[in-house]
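Engineer: here is my input, please return the structure:
(4 chains)
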Protein chains: 4
Amino acid sequence: MDYTLDKIIKYRREFHKYPETGWKEIRTSARIAEILSQLGYENIKVGTEAVDINTIVEPVRLSEDERKKEIKRAISQGGNKDWIRKANGYPGVVAEIDTGNIGPTVAFRFDIDALVDTEPYESGHKPFDEEYISINPNSVHACGHDGHIAIGLGLAKEILKHKKSLRGKIKLLFQPAEETFSGAESMVTKGHLDDVDYFFSMHIGLSYENKPLPSKSIACGCCDFLSDRQLDVYFQGKAAHPCGASQEGKNTLLAACTAALNIHSIAPHEEGLFRVNVGEIHAGVCANTIPANALIRVEYRGENSNITNYGKNRVLTIIEAAAKMYELTYKIVDYGEVPTAKSDKEMIDIVKKSAKKVSWFENIYDYGNVGGTDDATVMMKKVQDHGGKAVYIGLGADVTEPLHNPKFDFDENVLIAATNLFVNILKDISSCKNL
Amino acid sequence: MDYTLDKIIKYRREFHKYPETGWKEIRTSARIAEILSQLGYENIKVGTEAVDINTIVEPVRLSEDERKKEIKRAISQGGNKDWIRKANGYPGVVAEIDTGNIGPTVAFRFDIDALVDTEPYESGHKPFDEEYISINPNSVHACGHDGHIAIGLGLAKEILKHKKSLRGKIKLLFQPAEETFSGAESMVTKGHLDDVDYFFSMHIGLSYENKPLPSKSIACGCCDFLSDRQLDVYFQGKAAHPCGASQEGKNTLLAACTAALNIHSIAPHEEGLFRVNVGEIHAGVCANTIPANALIRVEYRGENSNITNYGKNRVLTIIEAAAKMYELTYKIVDYGEVPTAKSDKEMIDIVKKSAKKVSWFENIYDYGNVGGTDDATVMMKKVQDHGGKAVYIGLGADVTEPLHNPKFDFDENVLIAATNLFVNILKDISSCKNL
Amino acid sequence: MDYTLDKIIKYRREFHKYPETGWKEIRTSARIAEILSQLGYENIKVGTEAVDINTIVEPVRLSEDERKKEIKRAISQGGNKDWIRKANGYPGVVAEIDTGNIGPTVAFRFDIDALVDTEPYESGHKPFDEEYISINPNSVHACGHDGHIAIGLGLAKEILKHKKSLRGKIKLLFQPAEETFSGAESMVTKGHLDDVDYFFSMHIGLSYENKPLPSKSIACGCCDFLSDRQLDVYFQGKAAHPCGASQEGKNTLLAACTAALNIHSIAPHEEGLFRVNVGEIHAGVCANTIPANALIRVEYRGENSNITNYGKNRVLTIIEAAAKMYELTYKIVDYGEVPTAKSDKEMIDIVKKSAKKVSWFENIYDYGNVGGTDDATVMMKKVQDHGGKAVYIGLGADVTEPLHNPKFDFDENVLIAATNLFVNILKDISSCKNL
Amino acid sequence: MDYTLDKIIKYRREFHKYPETGWKEIRTSARIAEILSQLGYENIKVGTEAVDINTIVEPVRLSEDERKKEIKRAISQGGNKDWIRKANGYPGVVAEIDTGNIGPTVAFRFDIDALVDTEPYESGHKPFDEEYISINPNSVHACGHDGHIAIGLGLAKEILKHKKSLRGKIKLLFQPAEETFSGAESMVTKGHLDDVDYFFSMHIGLSYENKPLPSKSIACGCCDFLSDRQLDVYFQGKAAHPCGASQEGKNTLLAACTAALNIHSIAPHEEGLFRVNVGEIHAGVCANTIPANALIRVEYRGENSNITNYGKNRVLTIIEAAAKMYELTYKIVDYGEVPTAKSDKEMIDIVKKSAKKVSWFENIYDYGNVGGTDDATVMMKKVQDHGGKAVYIGLGADVTEPLHNPKFDFDENVLIAATNLFVNILKDISSCKNL
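Structural biologist: Numbers count the residues shown, from 1 in each chain, chains lettered A, B, ... in the order given. The predicted model follows:
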C-alpha cells in the first residue's frame, strides 16, 4: 500500500477533531472532496449532486440561517471554500471511477457524521492526550465514522493505483446523516444505487455471538438489523403557580416522566429483539411554575415487522394515555422508519475469501451481530431489489468504551486492514471469471 | 392625581412589552431611573449602588459576555444609555426623597422582573390584540410586576406633588430578581432597609379565604408566606447505545423521571402547607443514546421550619435514592432559602384606614392569602428585626388566568387605586400625632 | 364518680383485646349491651333495631357464612349469647333513657369499630407488656375507639346516678363501622337522630393549630372536617408468560403502580385541604406470570365540594388513563361520600363551660383540628338539618404513635376526664333556664 | 398402542380437573402411583422415597397444618388413601423397571404441578364446556403438565408391553413443583439421576425460530434455556393516617410501585436474552392508612451468567434504592437459581430419528426455543456432569392461548404422538448396536 498506517490514522484523527453531526458535515465533505481531487478523482459529486435534499425530514432540516452559520464555521475550521461553495453547504460526496474494463458496478459506502454529545477533556482519553479531541461543541465521533472515512480515502488511493487490473465501475459513497435521519435515503433517491451490482458497507466494532469483536477479527456479514423509528412527542398542558392555583395546572413534566418510565417497561416480544429508548426529555422553563410544555424523543427498533408494529402500538398507546392522565394535548413528529435487511450469502463468501488474504484478520466469522440499526439497509434493499448483492461487514477492533459513549476510541490498526480487505475484494471480483 | 389612569397604564404596558427576567432588568431599570429623573428625583441609585452584586448566587449570575449581550439588547430596545452605563448593566433602582420635615423613614418595594416563559401570540389575549405583547423571547410579565412598576412610578409622581405635606424620608425600592433569587437580599445587604421604620410591599392578585381577590377588593396584610428553597440537581451517569451494550449505560433520564414522580408524591404535613414542584427536567442529547446527564429543578415551600425541614429531608432522600437506583453521581446547587414572615397588625390597620378612603376598594379584608412566597419577606424581616413595622398587601384584581400562566392579564384599574392607596398611607402616616 | 378510673380503664383494655373491624363488632356490641343491662338500662336496642342494614354497601357486607363464622368467634371470645342472638350478628347498640323531666333530647355518639392492621407483639408496647394486646388477627384499636366505648359506659353509669337531676331524654349511640363505611348512616336512616336536639361526638387525640393536643387539653369543637370518598378499582388485563409471549400480556401490575404514583402526585388545591391516598394495592398470583388482575383502594378527601370534585376528576382521569396505557378494562366500586360538617358555636360554648369544671383540662381551646374525616358528620348534619345543634370535641391525650399506627396508645386519664365532662354537660343543659 | 387416544385424553382431563400447585400434588401423585400399580409396576417410590424434602425452600414449604389440610382435600377428591398415607402427603412418584437385558439407564421426566391462577368458567373454554375445568381454587393446569402426566402414563403402559424387546433400565420421574421451586432438585438430591445414561424431558407448546410450534411439528432439542431466580421482597415502613400526621408515614406502597416500574425498565443486555418480571405486589390493609408493609415477587432470567449477574445487580440495586427513597427497611427471600443447560446433539439425533417414524410429526426441527426456564435443566446438568446425555424436546401443539394464561388449552392429539415418540426412542436405543 502507498498510504502508510500513519497517513490513514492522520486522516482519521483530523476528522475526529472536527466532528459534524447530521446534515452539518460541511467541512468533512469539503475535505473529502479536496483529498479525492488531489488524488486525481475527477468525477466528484457534492451537495445536491450527491444527495436529494428533499428527503431531509423537517425536524433535522437546517434553516437558511443555520446553514449559513455552519458554512462559516466549516470554513473557519479549514474547509475548502471552493468545495463548500459548490456544495452550497450540503454534505455528502460521491466519487466514481470507470476502470475502462468491462465489469460490474461496485459501491462502497462510508458514513461520515458524528454524534450529538460532548467528548470529555480528560487525561487518559487518547484524543485528549494526543490532541485530536473534538473542538466542536455537542459533536463527537463516538461511532467510528471518522475511521470509516479514513478507510474510504485509503481505498480511493489504492483504487487508482490498481485501476488497470480492476474491472467495471467503482463508486465511493461518503454518506451524511446516518445517526440522524434519511442520509442513506438521500443518496438512494438521487439514484446512486440504481446501477450497483455489488454493495459493500461496514462498521468498526460490532459483535460476534453477542460478544464484542476484538482486534484481528472480522464478521463477513450481518443479518440481524433492527428496524428503527424515531418519534418526537410534544406535550402541551397548562402552566400554573405550584402553590397558587396549582389545581388549574396541566402538568406536562409528570406526564412525560410517566410516559418515559412506562415506555421503558414495554414487555419484550417472543419473536425477536425489540429495543426502545427515550433518549431525551425536556420540560419546564423554571423551578416555580407547573410546566406547560414537554418534549420526549423516543426511538424503537424491532427485528421484524410484527415486533415493530407491536412496539409502535405500545409506544403510541402509552403516549396517548400519559397525555390523557394529565389532560394534555400532544403532537408527534415521525422521522420515518429505517428498515431491516440481510447480507447476501454470496457476498459473505466474497468477503471471507478476501479477508483470508489479510494477515491481520486472525478470526474470520461468517455472521456478526449488529443488534441495532444502520441506514445502510436502505441502500442494501435498493441494490437487492434490482437483483444486486449487498453485505454489511463487522470490522473487529479493541475499543475503550461501547459505541455511542463519548469516550469511545478504537484500535486504529483496523483502518489499514480494512483498506487492504476492500482492495482485495475489488481484485477478487475483477478476476472472477463468471462476472 | 396628576397621572391619569392612561399614563400609568401606558407605563405598565411599556414594561410589559420589554419583560426582562432576573438580573437582566437592564432596560427596565434604566427606564425607571430615566422617568424618576424626569420627574425631578435627584438621588437615584442604580447598579452597584442599588444592589450588592456579591449576593447573586452562581447559577443565575451572568457572565461578562452575557451581561454585555444583554446591555446591547437593552439599548436596542430603547434603554437610556447613560443610566445603563452608570449601572454597568446591573439592575435595581433606589429613589430616596427627604421631605425635610421630621418623621419616620417609609419604604415601598416594587419588584420589576419577569418570568421565563413565552407569551402567546393569540388573538383574544389583550397584550397581543393591543400590541404590547412581550418582544423578548422566554420572558413574560405573567406575575404582575409590570403593574407594580407602574404603581411605583405613579406614587413617585404623587410624592413630589404632596412633598410639603409629608414628613420624614421616603424610599422607593425597585427590586430585581424576585422570581429568581436574592433580589431582595441584594438590597438588604446594601443597607437600604437599615433605617426603615415602615415597610410596604404588595402584589396584584392574591386571595382571601383561598378564593382569588377580585377587582375592588383588598387584603390589608398577609401572614401566610411559605418559605421557599430551590435546588438544581445534576445527575451524571454513563452513555451507551440503547441496542448495543445498553447494560453498561447508567440512565439519568429514568432516574430523573423517578425522582420527579416521587418528589411530587411527598406526603403532606399536618402542621400546615407544604408545596413542592419539579419545574424543569432535561436529559439526553439525542433519541438513540442512553442519556448520561440530567438536570431537574426542584423547589419546595413550607409554612414553618418543621415543614421546611421535613420537605428538605424528603426531597434530598428521594434524589439520593434515585441516583443510587441508577448508580449515578449527582451534585446539587442550592439557591438558599427565602424565609416566611408576617405582616404587623399595626400596619394592617394603617392600610385598612387608608383603603377606606379609596372608593374603588369596596371589599376591605384584614388578612389575605399569599399561599406562596415572595422575597419581600427578606426585607420585612430586616425591618422588623430592628423594630420597624412591615406589611404585604394583596391588591384584588380580576385576572384572565392564574399567576405564572403566560396568558395572565389583570384589570388595570387596580393601578390607580393602589397609587391612591399609597398616597393616602403617606398622608396618614404624616398626620399621625404620635410619630 | 362511682366508676373509678380503674374500672373504665379495665373496660377500655377489654375492648382493646377483642378488636372487631367494621360490621363485625359482634362481641363488642353484645358486651356493651350486657354491661348497660347490668347497669339497669332497659330500653336497649341492638341489631336491626339499632342499625339499618340496608345501608351497608356491598363491598363491606358480610355473607351469611361470614357472619355465622364471626358470631361463632364472638361467642368463643366471651360475647353474651343472648344479646348476640337478639342482634342476629349485627353490631350497634342504642340505649335510651327518659329522665321523666321535661327537656331536650341529648345524644352522645361513641364509635366502636377497630382498624384492619396487626398490633405488634413487642416489648415496650404497653398492650403487649400488660397483656391486653389484640388477639384478633388483622384487627387493632389504633384509633382510640376502645376508649370511646369506655367513656360511653362510664357516662351510662353516671347518667343513672344523676337521673333525677337531669332533664329530657338521653341517647347513647354505640355506632359500628366508622372506619369502614355507612356506620353513622345506618343509625341515621334508622331514625335515631330524628328527635335529637343536642348531639355530642368526640375523638381522643386530634390537634390544635395543627399540633397534637396533649393530655390535659381539650378542643371544644371542630369545623375542619374533610369529606371522604373511597373507591376500589379493579383492573382486568391478560396473563402471559414473562419470557414467552410476553407481548400478549396486558400488565395490570404496572398500570396499578403507575396509577398509584400519579394519584399521589395530584396537585394541591388553592381553596383548602385536599388529601388522597392509595391505601392498598394487590396484583398478581405468582412471580412468573404477567398479572391479569389488580386492585387499588383509593380514598380522597376535600375541605369543600370544589376540592372534592377536583379530586374526583383527577383520580378518575388517572385511573382511566392508567387502564388505557396497558389496554385494560376496569371497574370501580364506590363506597359513597362522607360529608363535611361544622360544630355549632353554641355547642362549643356549652362544652367550654363544662370543661372548665373538669380540673384535668388545663388548656381549653375553642376550635380543634380534625384535618380528616369522621362519619359523625352524617349525624351532625341530620341533627342540624332539623334545627338541632351538634358538636365534635377533641379530647387531648398524650399518644405513643400517631392515629392509625398499630402501635398507637394513649394516656388513659383522658377517659375519666371525658366522662366527667359529659356528666357536667348534661347537668349544665338540665339547669339551663331557657331550655 | 394399547391405550387409545381416548384413554390418554381421559387421564389428561382428570388431572386437569384436579390441579395442584407446587408441593401440594398429593391427589395427583397418589393417582399416578395407583395407575402405575394397576398397570403392574412394582417398584413405585413416593413421598420421601421420591423426593428429598430438605430441598424445599422455606417460602414454599407447607406447615404441618397446611399439609394435613391438603391431604384431607386430596382424599376428598378421590386420592387413593393408601398411597397418600405412604407418601405422608408429599408429592412425587418414581417408577423404575429393569428390562432384564443389559443396557443403559434411560430416564423420562414428567412435571406434574399446576399454576396458581383461576381457570375461567366461560362458555367457549373447552374445559368448561366439557366439564373438566379446575375445581380447585387458585389452581390451573395452564402449562400443559396435565398432558405431560398423561404422556407418562401412556408410556408406562407401552413399556410393559414392549418390555422384552427393550434393554437396560427405565425410570419414569413424575416431578412435583416445576413452577414453584426445587422440584427437580429434590429428585436429583435423592439420587434418582445418578445412574442415568439418557435423559429425556419435554414440553407441550414451545417455539421454533421464535414462532409457536403448531400441531404436527416437533423441535428435537432445545438449548436456549434461561436461568431463573425468584426473590420475594418484604418492605417494612411505618403506618400513618393519610390526613393526620402523614409526614410520619413511611410509605411502602409507593416504594414498591417505584421498584416495580424501574425493575421493568432495566435495560437489555447485549450478550443475550434477559427477562425480568414483578409478578406480584401487595401493600396495605385498608384505604385510609399509609401502608406500613409491602411485598413484591420478582423473578429474573438470563441466557448466561454475565446476564444473570447483571440482572441480579440491577434488581437488588433498585430494591435497595426504593427502600431508601421511603426510608424503609426490607428483607429478601431468595428461592435460589435454576440453571441454564443445553440439549446434547447426539440426543437430538436420536429424537429426530424416532420422530420420523411417528406420522403425526410432519415438521421436524433440530432446535426449538424455550426462551424461558424449566428446572429439567437441574436434571440435565446432573446427567451430563457424569457423562450421560440429555435432551429437552418441544412438542408442537395448537394452543388456544399462550402458556401461563389460565385459558390455555392444547390439541390433545399431541399426547398420543408423544407417547409413540418415546416408545420409538426406547426401541431405537435398545436396537442400537454400540450400546
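
Engineer: which stretches of chain A have low pLDDT?
Structural biologist: Chain A contains residues with pLDDT under 70 at A:1-4, A:433-435.

Engineer: tell me the helices and strands packed up against the strand or helix carrying A:Lys72.
Structural biologist: Using DSSP states H and E, A:Lys72 sits in helix A:64-76. On a contact count with 3 or more Cβ pairs under 8 Å, 6 or more residues apart in numbering or on different chains; DSSP states H and E, helix A:64-76 meets helix A:26-39, helix A:81-87. In short, each C-beta sits where N, CA and C put it, glycine included.

Engineer: how about that helix, which residues are buried there?
Structural biologist: For helix A:64-76, burial by neighbour count (16 or more other Cβ atoms under 10 Å in any protein chain shown) applies to A:67, A:70-71, A:73-75.

Engineer: still on that earlier bit, among the helices and strands packed on helix A:64-76, which is the most enclosed?
Structural biologist: helix A:26-39 (a mean of 23; mean count of other Cβ atoms under 10 Å in any protein chain shown).

Engineer: quick one: name whatever helix or strand follows that helix.
Structural biologist: Proceeding N to C from helix A:26-39, the next assigned helix or strand is strand A:44-46, under DSSP H and E.

Engineer: which residues are contacting that next one?
Structural biologist: Strand A:44-46 is contacted from outside by A:29-30, A:33, A:36-37, A:83, A:86-87, A:90, A:92-96, using Cβ atoms under 8 Å, 6 or more residues apart in numbering or on different chains.

Engineer: nearest to chain C, out of the helices and strands packed on helix A:64-76?
Structural biologist: Evaluated over these, closeness to chain C peaks at helix A:26-39, with 41.2 Å, by Cβ to the nearest Cβ.

Engineer: same for that closest one, what does it pack against?
Structural biologist: When contacts are defined as 3+ Cβ pairs under 8 Å, 6+ apart, helix A:26-39 packs onto helix A:5-17, strand A:44-46, helix A:64-76, helix A:81-87, strand A:93-98, helix A:145-161, strand A:169-175.

Engineer: please redo it, this time with the cut-off set to 6 Å
Structural biologist: Under the contact criterion of 3 or more Cβ pairs under 6 Å, 6 or more residues apart in numbering or on different chains; DSSP states H and E, helix A:26-39 touches strand A:44-46, helix A:64-76, helix A:81-87, strand A:93-98, helix A:145-161.

Engineer: make JSON lines out of those and add distance to D:Ala267.
Structural biologist: JSON lines is the format used below for those (distance: least, Cβ to Cβ, whole Å):
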{"stretch": "strand A:44-46", "distance to D:Ala267": "40"}
{"stretch": "helix A:64-76", "distance to D:Ala267": "34"}
{"stretch": "helix A:81-87", "distance to D:Ala267": "39"}
{"stretch": "strand A:93-98", "distance to D:Ala267": "36"}
{"stretch": "helix A:145-161", "distance to D:Ala267": "24"}
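
Engineer: where do the helices sit along the stretch 101-250 of chain A?
Structural biologist: A:126-129, A:145-161, A:183-189 (DSSP state H, counting those that start in this stretch).

Engineer: the ones you listed: which one's closest to chain D?
Structural biologist: That would be helix A:145-161 among these, by Cβ to the nearest Cβ, at 20.4 Å.

Engineer: which parts of chain A sit against chain B?
Structural biologist: Proximity of chain A to chain B (Cβ under 6 Å from any Cβ of the partner chain) is limited to residues A:116-117, A:230, A:239-245, A:248, A:253, A:257, A:260-261, A:275, A:277, A:279-289, A:297, A:299, A:301, A:371-372, A:402-405.

Engineer: what segments of chain A are strands?
Structural biologist: For chain A, the strands defined by DSSP state E cover A:44-46, A:93-98, A:105-111, A:169-175, A:198-204, A:207-208, A:211-212, A:217-222, A:227-236, A:274-283, A:293-302, A:329-338, A:363-368, A:389-395.

Engineer: right, I'll call it a day here.
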